[in-house]
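In: following is a predicted model, sequence given first.
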Amino acid sequence: MLEKLFKLKAHNTNVRTEVAAGITTFMTMAYILAVNPSVLSQAGMDSTAVLIATCLASFIGTLCMAFMANLPFALSAGMGLNAYLAYTVVLGMGYPWQAALLAVFIEGVIFIILSVTSVREAIFNAIPLSLKKAVSVGIGLFIAFIGLQNAGLTVDNSATLVSIVSFTEHFSTQGICALLAVIGLLLTAVLYIRGVKGSILIGILGTWLLGILCQLLGLYVPDADTGYYSLLPHFAMTDFSKLGETFGQCFQVDFSQLGIFNFIVIIFSFLFVDLFDTLGTLIGVSTKAGMLDKDGRLPAIRPALLADAIATTAGAVLGTSTTTTFVESSAGVAAGGRTGLTALTTALLFLVSILLAPIFVAIPAFATAPALIIVGFLMFSTITEIRFTADSYTQSIPAYLCVLAMPLFYSISEGISIGVISYVVLNLACGKYKQINPVMYVLAVLFVLKYIFL
């Protein structure tokens, strides 16, 4: 049955590999179950309701990805987009969170229409192969940077913006976590180099177990006031009645209190970021997985984009911010995931996590950080496929700028914006306009307008 549904043999994979990949993807995404309720609760939303909504939206979206597109990509509430909703739209602009969710819902409906009419697919196919490869490289650096942050290895520095953590200062919390992340990174790397199946997943679990051991020995001392919680999982049930506090609230909006122009700006802000974050993730992960055809196209791009749009719409109704394809899907791909069975496994784990959320939330960020750093390395290796010879500078310089922008501006969509604009400008200025797909002109203009008005 699974063979018939997901065509495992045709993708040179098997059930065991796919399931392990799905678990790996979930483990690297599990942090969202703790982070999203924390962020959206700042906007006045009930954290338990947000947790349930996040799990359900992730389940629905990833299930759609599994059966509609047969791709190993998972979806959940997008980081950055949740912060934009809470801190900019609600706390900054003064809109009620119900109105913010309505903007997300409208954005999702627009995306459904664009996906059905092939507009999003046309955008995907219009991006040149050099930029697609650059997106993969840029995402690699981006998620590696996220991994360094989650590990606590990268800290703020007023002089240089970032610097390495002091291991000896606050050793029982920050220091030991950073050290465990380094050990986990080396463990994962050794396992991967030696060809151990499920090396990334083993690395996550091994690092977590080391953390638990350190806590039992007193080397790690939980301090909730500074954000360092117990690493020991505990069993508890979720209050399902809380979902009623957010479910359908996006339709309970007093339109007389909304400024129409500002509200439209909010919708298009969500629209831009979600569109190009999703495209960037699909491009980057599918490039690394070898899923693109000879023309640099992803055969299942339309159902993948439609699944993403459905997830966003459902998530807004349930009570969470924009649900999007997660770059952490690359962890599952690196573990061998190639079909929708990987996504199905991840979806089921999100569903189960509603019942046992406290256990999954207990997975510390420093334990998943090594996986992100290793996967970042694997995606970064695509850089060797970009030509840097003099006759290809109009291709490689935009690719370089795209790669540079993603980690430094902390945004996949900003990397794509800069890559597209520079590609069009450089090729036009150098008389190579025949290389430019007409859709790229439209994208470049839209990106420039975005920087002017949004």
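Out: Perfect, thanks for sending it. Residues are numbered from 1 along each chain as shown.
In: so what's the residue nearest to Phe105 when sequence neighbours are not counted up against?
Out: In this structure, Phe105 finds its nearest non-sequential neighbour in Ala316, 3.7 Å apart by C-beta to C-beta, 6 or more residues apart in numbering. For the C-beta atoms, the positions are set from N, CA and C on the backbone; glycine is no exception. Contact analysis of Ala316 by C-beta atoms under 8 Å, 6 or more residues apart in numbering lists Leu101, Leu102, Val104, Phe105, Gly108, Cys250, Thr322.
In: where does the stretch 201-350 of the chain dip in pLDDT?
Out: Applying pLDDT under 70 to the stretch 201-350 of the chain flags the ranges 236, 257, 288-289.
In: and the strands in it?
Out: 323-325 (DSSP state E, counting those that start in this stretch).
In: can you list contacts of stretch 442-450?
Out: Ile123, Ala126, Phe272, Ser417, Val420, Ile421, Tyr423, Val424, Val425.
In: buried residues in the helix or strand encompassing the first one?
Out: By that I understand Ile123. Per DSSP states H and E, Ile123 falls inside helix 119-126. Buried residues in helix 119-126, counting neighbours by 16 or more other C-beta atoms under 10 Å, are found at Val119, Arg120, Glu121, Ile123, Phe124, Ala126.
In: check which helices and strands it sits against.
Out: With contacts defined as 3 or more C-beta pairs under 8 Å, 6 or more residues apart in numbering; DSSP states H and E, the packing partners of helix 119-126 are helix 97-116, helix 260-288, helix 301-318, helix 438-453.
In: and among those, the most buried is which?
Out: helix 301-318 (a mean of 25; mean count of other C-beta atoms under 10 Å).
In: start and end of stretch 162-182, how far apart?
Out: End-to-end distance for stretch 162-182, by C-alpha to C-alpha, to the nearest Å: 18 Å.
In: how near is the residue positioned nearest the centre of the chain to Thr25?
Out: With distances taken as C-alpha atoms, centre = their mean, the residue of the chain nearest its centroid is Phe326 (2.9 Å). The spacing between Phe326 and Thr25, counted by C-beta to C-beta, to the nearest Å, is 8 Å.
In: now do the shared contacts for the two.
Out: By C-beta under 8 Å, 6+ apart, the residues touching both Phe326 and Thr25 are Ala74.
In: circling back: in this structure the residue nearest to the centre of the chain contacts Pro72, no?
Out: No: if you go by C-beta atoms under 8 Å, Phe326 and Pro72 don't touch, sitting 11.4 Å apart.
In: measure Trp97 to Leu51 for me?
Out: 15 Å.
In: what bits of the stretch 51-200 of the chain have low per-residue confidence?
Out: Where the stretch 51-200 of the chain drops to pLDDT under 70, the residues are 80.
In: strands along that one, start to end?
Out: Along the stretch 51-200 of the chain, counting by DSSP E, counting those that start in this stretch, strands occupy 75-77, 154-157, 161-164.
In: for the last one, the distance to its chain's centre please.
Out: From the chain centre to the centre of strand 161-164 is a distance of 23 Å (C-alpha atoms, centre = their mean, to the nearest Å).
In: that strand: partners in the sheet, and parallel or antiparallel?
Out: Here strand 161-164 has these sheet partners by DSSP bridges: strand 154-157 (antiparallel).
In: same check, this time on the shortest one
Out: With DSSP bridges as the test, strand 75-77 is paired with strand 323-325 (antiparallel).
In: now the partner strand, how far from the centre of its chain.
Out: 7 Å.
In: when you give positions from now on, start the count at 704
Out: All set: I'll call the first residue 704, so the last point we hit is now strand 1026-1028.
In: show residues contacting it.
Out: The contact list for strand 1026-1028, computed with C-beta under 8 Å, 6+ apart, reads 760-761, 764, 768, 776-781, 784, 977, 980-981, 984-985, 1007, 1011, 1014-1015, 1017-1018.
In: ok, stretch 810-825 next?
Out: By C-beta under 8 Å, 6+ apart, stretch 810-825 touches 970, 973-974, 977-978, 982, 1004-1005, 1008-1009, 1011-1019, 1025, 1142.
In: output that stretch as CSV, nothing but the C-alphas.
Out: Output in CSV follows, covering the C-alpha atoms of stretch 810-825 (Å, rounded to 0.1, in the frame of the first residue of the first chain):
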residue,chain,number,x,y,z
GLU,A,810,-3.3,35.8,2.4
GLY,A,811,-3.9,32.0,2.4
VAL,A,812,-7.0,32.4,0.2
ILE,A,813,-5.0,34.5,-2.3
PHE,A,814,-2.3,31.9,-2.4
ILE,A,815,-4.8,29.1,-3.1
ILE,A,816,-6.0,31.1,-6.1
LEU,A,817,-2.4,31.8,-7.3
SER,A,818,-1.5,28.2,-6.8
VAL,A,819,-4.5,26.9,-8.8
THR,A,820,-3.8,29.4,-11.6
SER,A,821,-0.2,28.4,-11.8
VAL,A,822,1.1,31.9,-11.0
ARG,A,823,3.4,30.6,-8.2
GLU,A,824,4.6,27.8,-10.4
ALA,A,825,5.5,30.3,-13.1
